[in-house]
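>>> Following is a predicted model, sequence given first.
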Amino acid sequence: MDPLLRTTVLKLATPAAGVAVLLAVTRLRGVSWCDDVGFRRPAASRALGWLGLWVAWMLASEALIRAFGLDQAAAWPDYAPPILVMRILAIGVLGPILEEMVMRGLLFHFLRRTAVGALGAIVIISLVWTAIHYRYGPGTLALVFADGLLFGLARHQGHSLWLPIGMHMLGNLISIVQSLM
């Protein structure tokens, strides 16, 4: 198998398998996908409000990135169409679903029930989220931390994991478009 195809299939299969495993394990453990993980439809007004806030934040982030010369999305090579589609699905769709299920789904569910409460959980998860993105510079990490805070607040106040999933997907898909230009 072509090495690029192999790595791309792995990049797609990993989050797909992760989502499947998390859904199965949570179901077997009696964790409610709706009540605990947050897979419930958000109110339309909240969804529109968070989407508007997220778009405003992304525009502000882009201005900060340009003003301070922070890390930009790296250009993608000229991938063959099937490779391109698989990479977009992996990075723009399945990756955000898996990451948000873990961070703002399960971790948030368990941490908010401890002494740190919901706001402490949001901050702790945002710090973990930022640490996972260690490969970026300090300025970009500050933006990643802010992204994590917004994702967490959307999850908490919107009572739905779909809000941070949608926000995360939108951010990643915009980054992909920038990488293709």
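Nice, I can see it. Numbering: from 1, shown residues only.
>>> show me where this structure has helices.
For the chain, the helices defined by DSSP state H occupy 3-28, 44-68, 81-88, 95-100, 108-112, 117-132, 138-158, 162-180.
>>> can you list the residues that contact the fourth one?
The set of residues external to helix 95-100 that reach it, using C-beta atoms under 8 Å, 6 or more residues apart in numbering, is 15, 18-19, 22, 151, 155, 161, 164-165, 168-169, 172. Heads up, the C-betas are built off the backbone N, CA and C, glycines and all.
>>> same thing but 7 Å
15, 18-19, 161, 164-165, 168-169, 172 (C-beta atoms under 7 Å, 6 or more residues apart in numbering).
>>> got it, and the second one?
The set of residues that contact helix 44-68 without belonging to it, under C-beta under 7 Å, 6+ apart, is 70, 72, 139, 143, 150, 154, 158, 163, 167, 170-171, 174.
>>> Make CSV out of the residues you listed and add neighbour count, distance to His133 and pLDDT.
Putting the contacts of helix 44-68 into CSV (neighbours: other C-beta atoms under 10 Å; distance: C-beta to C-beta, whole Å; pLDDT from 0 to 100) gives the following:
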residue, neighbour count, distance to His133, pLDDT
Leu70, 18, 13, 89
Gln72, 13, 15, 82
Gly139, 15, 12, 92
Leu143, 21, 10, 95
Leu150, 22, 15, 97
Ala154, 29, 18, 97
Gly158, 19, 23, 95
Leu163, 27, 20, 97
Met167, 25, 16, 97
Leu170, 16, 17, 96
Gly171, 19, 12, 94
Ile174, 15, 16, 93
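>>> Widest-spaced pair of these?
Gln72 and Gly158 (29.9 Å; C-beta to C-beta).
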